[in-house]
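Novice: would you be able to build a 3D model of this:
(chains A, B, C and D)
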Protein chains: 2
Amino acid sequence: MISKEERHDFILIKIQKERKLAMMDLATELGVSEHTVRRDLKELSDAGLLRAIRGGATLRSNIPFDIYDRNNLDVMEKQSIAEKSITLLKDHQVVFFDGGTTTQAIAGNIPENLNLTVVTHSLPIANILTSLPNISLIFAGGAFCKSSLTMQGQQTISTYGEIYADISFIGVCGLDLYRGLTARTLEETAIKRVLCKNSMNIVAATTSNKLDTPTSFLTCPASDISYLITEKDPSDHILQPYAAQGIAIL
Amino acid sequence: MISKEERHDFILIKIQKERKLAMMDLATELGVSEHTVRRDLKELSDAGLLRAIRGGATLRSNIPFDIYDRNNLDVMEKQSIAEKSITLLKDHQVVFFDGGTTTQAIAGNIPENLNLTVVTHSLPIANILTSLPNISLIFAGGAFCKSSLTMQGQQTISTYGEIYADISFIGVCGLDLYRGLTARTLEETAIKRVLCKNSMNIVAATTSNKLDTPTSFLTCPASDISYLITEKDPSDHILQPYAAQGIAIL
DNA sequence: GGCTAAACTGCAATATACTGCAACATTTTA
DNA sequence: TAAAATGTTGCAGTATATTGCAGTTTAGCC
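Specialist: Coordinates of the predicted model:
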């Protein structure tokens, strides 16, 4: 007999290799009923480890870098994160905005009467901010990256390098207590690092499904993070390990 | 068998590359009925991930600047200028785009199949170019200027300063044979000067009503201009003095 | 304007996948 | 060891996906 955990491990390993799994194949392979496999996939999918689709599962996203795919995901959660994030902002601060749909949601919630100097390398965020009268916008230019709709490269880094911010909103690819803030490409990492380095307060804003899921490139250790903002209540158990590290939870 | 989710992924990836998709092509490619593709496109379009059009789909233009375009004057003239301007472009050129509604019209007329490296400090132009698959875009960042929707300042200038272009499209505030190309602010002038300095060919693209109306700050002498493009026929008498100076008229 | 071909919409039929339920099995724990 | 908790199964009913067809709309063309 094969245990639930073993099945889960098996599924996760196999999906990495094959990108796509059919439920009925899994059922025969694991020697359990189709219904059981279905529940397994649901649990893994709820944990954000794969994407359940009709008749099976695929990797979390086949188009991992495609911004449009993520745009309409977790809209409510992102709105909640944005509203909490805004409370950290005060007049006359200098604020860095990293790319990503969560930071975009935050930018979209900045009230009109707030006076800020915002620096960003995200084109959508720049677009959003043009309509706010009291925002002084500095755009960190560079080579445009289609998949993320942000700029990257030496120019981008050097622009941030000349500015010191009160607060940085960092988009999260993966966050894990031991590995810290991680990103998926070296280019992204290089930019996130400057943001962190030149900022008094680092805010990691992310939906909770990205917690405890490290990616490859280290941006900064978890201990450098000042605030962690998710859609969950700060008392939620999933957040306690981070609170214990001295990160303020909102 | 290919699942619905996979089809959606496929469509989203492909539309990023090709900008426009035909329904029947998709149907044969994906091995499903036309009707099914139609429903896929409808779902993706309802989710705001693309725009369904008759016979297929196109990228949703995520360009919020139609607000500003509303007060666009001389639309027909600018279109005519844009079409003439495009004829100067060849594959693999490096092109500078100055800000302004005329240069914007030119950018909007770049054909899909043209391979260019474009450098610009205009936010609307950057937005337009994001949807063109064969354009490599470099954005010259800096401090955002609300009135012109462009960047300005040291960062902008230094970005252009590191690049040499085959051709520059310069937006015209005023042009006059004796004063040359002139602009209204020192900041604008500083940027236009770098564009001109680092460019093999300078193209002044403007509606004819800006000819012979000098403004205050000198960008470059008229003799430096390679091409003058207006909505008028090159034989028009108002253009003859410029032709006499050795400027090619289109 | 009227015509034709292509594209769209709605419907019914079919196959497949999912959900909830009740029963049964296994593992924990008191 | 018995009770409780958790995991598993098959079944029945429900929902979803896909297709082809028939009828309608639309775009382009003479």
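Novice: check which helix or strand A:Ala143 maps to.
Specialist: strand A:142-145 (DSSP states H and E).
Novice: figure out how far that strand is from the centre of its chain.
Specialist: 20 Å (Cα atoms, centre = their mean, to the nearest Å).
Novice: right, and the helix or strand after it?
Specialist: Strand A:142-145 is succeeded, C-terminally, by strand A:150-152 (DSSP H and E).
Novice: for that next one, packing partners?
Specialist: Other helices and strands packing on strand A:150-152, by 3 or more Cβ pairs under 8 Å, 6 or more residues apart in numbering or on different chains; DSSP states H and E, are strand A:142-145, helix A:186-197. Heads up, the C-betas are built off the backbone N, CA and C, glycines and all.
Novice: list the buried residues of the next helix or strand after that strand.
Specialist: Following strand A:150-152 in sequence order, the next helix or strand is helix A:154-161 (DSSP H and E). By neighbour count on 16 or more other Cβ atoms under 10 Å in any protein chain shown, the buried set for helix A:154-161 is A:Gln155, A:Thr156, A:Ile157, A:Ser158, A:Thr159, A:Tyr160.
Novice: by how many degrees do helix A:154-161 and helix B:154-161 diverge?
Specialist: 160 degrees (axes from the mean of the first three to the mean of the last three Cα atoms, to 10 degrees).
Novice: neighbouring contacts of helix A:154-161?
Specialist: The contact list for helix A:154-161, computed with Cβ atoms under 8 Å, 6 or more residues apart in numbering or on different chains, reads A:96, A:119, A:121, A:138, A:140-143, A:190-191, A:194-195, A:198, B:138, B:141, B:155, B:159.
Novice: closest one to DNA strand D among the helices and strands packed on strand A:150-152?
Specialist: Proximity to DNA strand D (Cβ to the nearest atom of the strand) singles out strand A:142-145 among these, at 32.2 Å.
Novice: direction included, what does the closest one pair against?
Specialist: strand A:150-152 (antiparallel), strand B:135-139 (antiparallel) (DSSP bridges).
Novice: who touches the closest residue to chain B within chain A in this structure?
Specialist: Nearest residue of chain A to chain B, counting by Cβ to the nearest Cβ: A:Gly141, 2.6 Å away. With contact set as Cβ under 8 Å, 6+ apart, A:Gly141 has these partners: A:121, A:151, A:155-156, A:159, B:121, B:138-142, B:151, B:155-156, B:159.
Novice: spatially central residue in chain A, please.
Specialist: What sits nearest the mean C-alpha location of chain A, by Cα atoms, centre = their mean, is A:Val172, with 2.9 Å.
Novice: skipping adjacent residues, who's closest to that residue in space?
Specialist: Computed as Cβ to Cβ, 6 or more residues apart in numbering or on different chains, the closest residue to A:Val172 that is not its neighbour in sequence is A:Thr206, at 3.6 Å.
Novice: so the one you found makes contact with A:Glu231?
Specialist: No. Here A:Thr206 does not reach A:Glu231: they are 9.0 Å apart, not a contact under Cβ atoms under 8 Å.
Novice: out of these two, which sits in the more crowded spot?
Specialist: A:Thr206 (27 against 21; other Cβ atoms under 10 Å in any protein chain shown).
Novice: what residues are up against the more buried one?
Specialist: Shown in contact with A:Thr206 (Cβ under 8 Å, 6+ apart): A:Ile81, A:Thr102, A:Gly171, A:Val172, A:Leu175, A:Leu228, A:Ile229, A:Thr230.
Novice: low-confidence stretches in chain A?
Specialist: Chain A contains residues with pLDDT under 70 at A:1, A:60-75, A:214.
Novice: for it, what lies in contact range of DNA strand D?
Specialist: Contact residues (Cβ under 7 Å from any atom of the strand) of chain A with DNA strand D: A:Ser3, A:Lys4, A:Arg7, A:Gly31, A:Val32, A:Ser33, A:His35, A:Thr36, A:Arg39, A:Asp40, A:Arg54.
Novice: of those, which is the most crowded?
Specialist: Neighbour max across the residues of chain A next to DNA strand D (other Cβ under 10 Å) = A:Asp40, 22 neighbours.
Novice: nearest spatial neighbour of it, chain-adjacent residues omitted?
Specialist: Nearest non-adjacent residue to A:Asp40 (Cβ to Cβ, 6+ apart): A:Arg7, at 5.6 Å.
Novice: helices and strands around the top helix by length along chain A, which ones?
Specialist: Secondary structure assigned by DSSP state H gives helix A:4-18 as the longest helix of chain A. If you count contacts as 3+ Cβ pairs under 8 Å, 6+ apart, helix A:4-18 packs onto strand A:20-22, helix A:23-30, helix A:34-46, strand A:56-58.
Novice: domain parsing for chain A?
Specialist: A:4-58, A:69-249 (automatic domain parsing).
Novice: of these, flag the one that's most buried.
Specialist: Among these, domain A:69-249 has the highest mean neighbour count (mean count of other Cβ atoms under 10 Å in any protein chain shown), at a mean of 19.
Novice: just give me how far it sits from the chain centre.
Specialist: That offset, for domain A:69-249, works out to 8 Å (Cα atoms, centre = their mean).
Novice: A:Leu44 and A:Ala57 touch, don't they?
Specialist: Yes. Under the criterion of Cβ under 8 Å, A:Leu44 makes contact with A:Ala57 at 7.4 Å.
Novice: what about A:Ile191, distance to A:Ala183?
Specialist: Note on A:Ile191: its distance to A:Ala183, by Cβ to Cβ, to the nearest Å, is 9 Å.
Novice: up against DNA strand C, what does chain A have?
Specialist: Residues of chain A lying near DNA strand C (Cβ under 7 Å from any atom of the strand): A:Met1, A:Ala22, A:Met23, A:Met24, A:His35, A:Arg38, A:Lys42, A:Ala52, A:Ile53, A:Arg54, A:Gly55.
Novice: how about the fourth one: what's its closest non-neighbour residue?
Specialist: Counting by Cβ to Cβ, 6+ apart, A:Met24 lies nearest to A:Glu34, which is 6.0 Å off, once chain neighbours are set aside.
Novice: same question, the third one
Specialist: Spatial nearest neighbour of A:Met23, excluding adjacent residues (Cβ to Cβ, 6+ apart): A:Gly56 at 4.7 Å.
Novice: what is the one you found paired to in the beta sheet?
Specialist: Beta-bridge partners, per DSSP bridges, of A:Gly56: A:Ala22, A:Ile53.
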